[in-house]
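A.B. asks: Need the 3D shape of this:
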Amino acid sequence: MTAHPSFKQRLIRRGVRQFGHPRGLPGRLAGWVMGHRPSNVRRNRWAVALLDVQPADRVLEVGFGPGVAIAELARRATAGRVYGVDHSAVMARQARRRNAAAVRAGRVTLVHTSVDRLPGLGAPLDAVLAVNSLGFWTDQGQRLAALRALLRPGGRIALVSQPRAPGADAATTARAGRDLAERLTEAGFADIRVETLPLDPPVVCVLAVRPA
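C.D. replies: As a prediction, the model looks like this:
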């Protein structure tokens with residue numbers, strides 16, 4: 001006999017789906033949580049700091065959510081350009097509101113689209129960031145190779161993961177880090193570096209470089 005999920009389990013699954021692809025009122029609530037939860041804010045700012053964004057850099061964030069990291073990227077790339085793509089229209093609206101001044105100034109461009117339909121970005125990028133979004137990509141190897149092609153030689157990428165499954169712990173995070181490092185290597189990146197932020201559960205950031 002097949003056990004049917006309980007009402008509580010169904011609610012949890014629906015909540016998880018909203019954080020992956022926010023829609024409607026539940027999606028707006030999920031975006032508010034992601035934009036205000038202290039651990040999320042700390043995680044995004046930490047990742048941007050590791051990416052070492054310079055004032056003239058051109059940077060892309062894939063899966064920008066409510067735009068917390070976008071704001072930090074824009075604060076650092078004062079003479080550059082920040083791009084972002086996200087497959088959720090709800091998140092695109094929230095991120096545009098959070099970064100309204102930089103969007104009006106033309107320093108930030110946020111597009112409602114998926115990673116497999118990237119808009120034209122003009123000149124090569126200096127850096128790419130993806131925070132807790134790789135798991136929602138199709139053909140991850142192809143997408144990473146496409147992002148590598150958008151980077152200038154020596155350009156940087158940072159992939160961040162904070163496992164959110166029930167029971168996730170330091171071992172879960174370590175496995176996620178190894179998986180991200182392997183995927184980046186397979187996609188042609190080099191100089192792999194792994195950093196960990198001691199939250200609960202820990203956050204892993206895997207950084208790499210497009211070879212010259």
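A.B. asks: Least confident secondary structure element in this protein?
C.D. replies: None of the helices or strands of the chain scores lower by mean pLDDT, DSSP states H and E than helix 7-20, at a mean of 41.
A.B. asks: The nearest residue in space to Ala190 that is not next to it in sequence is in what secondary structure piece?
C.D. replies: Distance criterion Cβ to Cβ, 6 or more residues apart in numbering; nearest residue to Ala190, sequence neighbours excluded, is Pro211 at 4.7 Å. In short, each C-beta sits where N, CA and C put it, glycine included. Following DSSP states H and E, one finds Pro211 outside all helices and strands.
A.B. asks: quick one: Pro211 from Val204, how far?
C.D. replies: According to Cβ to Cβ, to the nearest Å, Pro211 and Val204 sit 23 Å apart.
A.B. asks: same deal with Val82?
C.D. replies: Counting by Cβ to Cβ, the gap from Val82 to Val204 is 24 Å.
A.B. asks: who's more crowded, these two?
C.D. replies: Counted by other Cβ atoms under 10 Å, Val82 and Val204 do not tie: Val82 has more neighbours, with 29 against 25.
A.B. asks: Quick check: Leu151 touching Ala158?
C.D. replies: No - between Leu151 and Ala158 there is no contact under Cβ atoms under 8 Å: 11.8 Å.
A.B. asks: shared neighbours of those two, which are they?
C.D. replies: Applying Cβ atoms under 8 Å, 6 or more residues apart in numbering, one finds that Leu151 and Ala158 are jointly contacted by Ala127, Val128.
A.B. asks: between those two, which one's more packed in?
C.D. replies: Between Leu151 and Ala158, counting by other Cβ under 10 Å, Ala158 is the more crowded of the two (25 against 21).
A.B. asks: Let me know the next secondary structure element after the lengthiest helix in the chain.
C.D. replies: Longest helix in the chain, counting residues (DSSP state H): helix 170-186. Beyond helix 170-186 in the direction of the C-terminus, DSSP H and E gives the next helix or strand as strand 190-197.
A.B. asks: Brilliant, that's me finished.
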